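Novice: Whatever this is, show me its structure:
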Amino acid sequence: MNIYVLMKRTFDTEEKISISGGKINEEGAEFIINPYDEYAIEEAIQVRDANGGEVTVITVGTEEGEKQLRTALAMGADKAVLINTEDDVEEGDQYTTAKIIAEYLKDKEVDLILAGNVAIDGGSGQVGPRVADALDIPYVTTITKLEIDGTTATVTRDVEGDSEVIETSLPLLVTAQQGLNEPRYPSLPGIMKAKKKPLEELELDDLDLDEDDVEAKTKTIEIYLPPQKEAGRVLEGELADQVKELVQLLHSEAKVV
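Specialist: Sure thing, here's the model as predicted:
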């Protein structure tokens, strides 16, 4: 099986993020594999181990993404592809990323594509479905279970607290939801092997694309942190007095009654 994983390099939201000039300040920030993409990588490895074939991980961005690709290779992926847009794309969006990935994949023999359900920095969940649409293949989002039998896939997907089971055919794109699996940590032998695994770097010219072909359809005006929450207040005294004070506060300060 030819299995591809769409991976994004994201900010580590466990670390403190600062804003400068309406943009996230990358200096000193920690970057990781988007956590939902880790589920996709793990599932791809498990599918390969059960059915044979190889796993190729793709990312779009700058050369800094090589570190996260090497991590994916250390987890067990076979190949990696970095499509470097640093010199060609000043501002991109989900359309930009999906267009580039679809252009790369259009001539490949694809059996299965996995992506994260959402990226934790943007949360739009658009790239996977956009790629599937561009390649004209079926897709299933927010999956929590995947079974492959020949060219048939049985997929369980999360639907707001419930689940549904869908049977479809390959080639197929799915997006991974939390609970699909437990991503493995790269082992020391895996890290050593990753250094020798193929990592291909491409630019837009290699895909016969130029900047106009991938021009963003949306524009980010400003990024800002949510306002800092004020400390809570504890009411004291008799219950009737607390209720009276609460109503007064809801009216005068919270302005909700």
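Novice: domain ranges for this structure?
Specialist: Residue ranges for the domains of the chain, per automatic domain parsing: 2-214, 227-257.
Novice: Please tabulate these in a markdown table, including the columns mean neighbour count, distance to residue 220 and mean pLDDT.
Specialist: Quick note: C-beta positions are derived from backbone N, CA and C, even for glycine. Shown next, in a markdown table, are the domains of the chain (neighbours: other Cβ atoms under 10 Å; distance: least, Cβ to Cβ, whole Å; pLDDT from 0 to 100):
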| stretch | mean neighbour count | distance to residue 220 | mean pLDDT |
| --- | --- | --- | --- |
| domain 2-214 | 18 | 7 | 92 |
| domain 227-257 | 9 | 19 | 84 |
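Novice: a markdown table please, covering those domains and showing distance to residue 221.
Specialist: Converted to a markdown table, these look like this (distance: least, Cβ to Cβ, whole Å):
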| stretch | distance to residue 221 |
| --- | --- |
| domain 2-214 | 8 |
| domain 227-257 | 18 |
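Novice: Can you say which helix or strand has residue 146 in it?
Specialist: Taking DSSP states H and E as the criterion, residue 146 maps to strand 139-149.
Novice: where does that strand sit relative to the chain's centre, distance-wise?
Specialist: Relative to the chain's own centre, strand 139-149 is displaced by 16 Å; criterion: Cα atoms, centre = their mean, to the nearest Å.
Novice: got a list of contacts for it?
Specialist: 1, 43, 47, 50-51, 112, 117, 125, 128-129, 132-133, 153-159, 163, 166, 168, 170, 172-177, 179-180 (Cβ atoms under 8 Å, 6 or more residues apart in numbering).
Novice: Can you give the strand pairings for that strand, parallel or anti for each?
Specialist: With DSSP bridges as the test, strand 139-149 is paired with strand 152-159 (antiparallel), strand 172-176 (parallel).
Novice: right, so of those strands, which gets closest to residue 97?
Specialist: Closest to residue 97 of those, according to Cβ to Cβ: strand 172-176, at 13.9 Å.
Novice: what's next to the helix or strand just after that closest one, contact-wise?
Specialist: Beyond strand 172-176 on the C-terminal side, the first helix or strand identified by DSSP H and E is helix 188-194. Contacting residues not belonging to helix 188-194 are listed as 70, 71, 73, 74, 75, 76, 186 [Cβ under 8 Å, 6+ apart].
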